[in-house]
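J.: The sequence isn't on hand, but the structure is:
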């Protein structure tokens, strides 16, 4: 959404959102999952630093950086301490620090209490119900509520195990936060903080490549924590614990320079994405499993399209840019046609067919919609729209001219 505001030159509105989020960190230590009292038990994907750096790059507002940096340091600590922090020892005996989603909550979510109790009613054990409530809230913290990505049994929501997953995208977001803090600290002359977070970013990049990268699939894969760990605090890496299934999140590392600057590797990942089955008629599917959950097939979500497309463009690979343009055209077109048919932008789209909005999940699909508007504007700003290109769904054009 912030990128859409910047594309619209609504700089003060974008800053206002950032200041609101900073106020939550000042009071609670992290950005809440929503600005309501019952969301104080969990956060949301840490993307505030990306908003700050994007606004700063557009406006050069040094005061924004000065105000934001202490909050970002506090948010970084939240994601790298307590239950969110996980140590995994690789095959050579080296320890790596990564992060996971972990809500501080073991009861039905207040905003969905009836639904959560109905789900938990399938379990007879009180301890199992308590754990399920934590897993449900932790999935909500991830933003992917809900998806087979977090489930041990794809057909059974009670097997949700979000806290047992080291997610690719979360750790990429935190790596980007570390790089953003480095840049922002340098911008105001705070070399000590810049140096500290540059080192932190190097360590996390190594951890992501060691624990999550899979050369055989040319994807970064979520990692399932095993019950048989070395000690109470350290898990031992096991290749079989990588989730070999394809999710759009497997390609989020492309979004940041740490992973999109190696053109040879990018081209391998591009080929993997093209062959994954995720790239469909109207965009990138969230997963390949049609479970009825909203963060699964056939739904496509604007933020995932944007991060992957932007990363492909920034890589400098011609092959990657061609794929990025193809995805952007598909996404702009399906948003436009759906808008013409329904009079609204939608939170998610059915990528199986152009002009269809998404469904599934535990609530009625929403219209509006901030991130859908923002991503379309960001794509138009990046690629434009040639007069020769048609918006009709029947027309299939693979690349922008």
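T.: Looks like it came in fine. Given the structure is predicted, the values throughout are model-derived calculations rather than measurements. Numbering: from 1, shown residues only.

J.: Give me the secondary structure label for the spatially closest residue to residue 238 that is not a sequence neighbour.
T.: In space, and not counting its chain neighbours, residue 238 is closest to residue 226: 6.3 Å by Cβ to Cβ, 6 or more residues apart in numbering. C-beta coordinates here come from the backbone N, C-alpha and C atoms, glycine included. Secondary structure for residue 226, judged by DSSP: H, G, I helix; E, B strand; the rest coil, is coil.

J.: okay, now residue 226: neighbour count?
T.: Residue 226 is flanked by 13 other residues according to other Cβ atoms under 10 Å.

J.: same question, residue 162
T.: 26.

J.: remind me which residues of the stretch 151-300 of the chain are low pLDDT?
T.: 228-232 (pLDDT under 70).

J.: where exactly do the helices run in it?
T.: Per DSSP state H, counting those that start in this stretch, the stretch 151-300 of the chain carries helices over the ranges 168-187, 191-207, 257-260, 263-275.

J.: can these go into CSV with extra columns for distance to residue 291 and mean neighbour count?
T.: Output for the helices of the stretch 151-300 of the chain, formatted as CSV (distance: least, Cβ to Cβ, whole Å; neighbours: other Cβ atoms under 10 Å):
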stretch, distance to residue 291, mean neighbour count
helix 168-187, 19, 23
helix 191-207, 30, 17
helix 257-260, 28, 19
helix 263-275, 21, 17
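
J.: mind listing what the residue nearest to residue 238 touches?
T.: 235, 236, 238, 241 (Cβ atoms under 8 Å, 6 or more residues apart in numbering).

J.: Any quick ChimeraX command for the buried ones out of the residues you listed?
T.: Selection of buried members from the contacts of residue 226 for ChimeraX, criterion 16 or more other Cβ atoms under 10 Å:
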select :235,241
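
J.: Give me the subset of the contacts of residue 226 that lies in strands.
T.: 235, 236 (DSSP state E).

J.: out of the contacts of residue 226, which one sits closest to residue 134?
T.: Closest to residue 134 out of the contacts of residue 226 is residue 235 (18.7 Å), distances taken as Cβ to Cβ.

J.: Do I have it right that the closest one meets residue 88?
T.: Yes - using Cβ atoms under 8 Å, residue 235 makes contact with residue 88 at a distance of 4.8 Å.

J.: Tell me, how many residues neighbour residue 365?
T.: Residues lying near residue 365 (other Cβ under 10 Å) number 16.

J.: Residue 315 now?
T.: 24.

J.: Surely it touches residue 264?
T.: No - the pair residue 315 and residue 264 does not pass the contact test of Cβ under 8 Å, sitting 10.5 Å apart.

J.: Residue 332 and residue 31, how far apart?
T.: According to Cβ to Cβ, to the nearest Å, residue 332 and residue 31 sit 29 Å apart.

J.: How far off centre is the host helix or strand of residue 337?
T.: Under the criterion of DSSP states H and E, residue 337 resides in helix 318-342. Mean-position distance between helix 318-342 and its chain equals 20 Å (Cα atoms, centre = their mean, to the nearest Å).

J.: Identify each buried residue in that helix, please.
T.: 320-321, 323-339.

J.: who's in contact with the residue positioned nearest the centre of the chain?
T.: Centroid-nearest residue in the chain, with Cα atoms, centre = their mean: residue 169, separated by 5.0 Å. Counting by Cβ under 8 Å, 6+ apart, residue 169 touches 45, 249, 252.

J.: and which of these is nearest to residue 197?
T.: Distance ranking of the contacts of residue 169 against residue 197, using Cβ to Cβ, places residue 45 first at 18.9 Å.

J.: Number of residues surrounding that closest one?
T.: 20.
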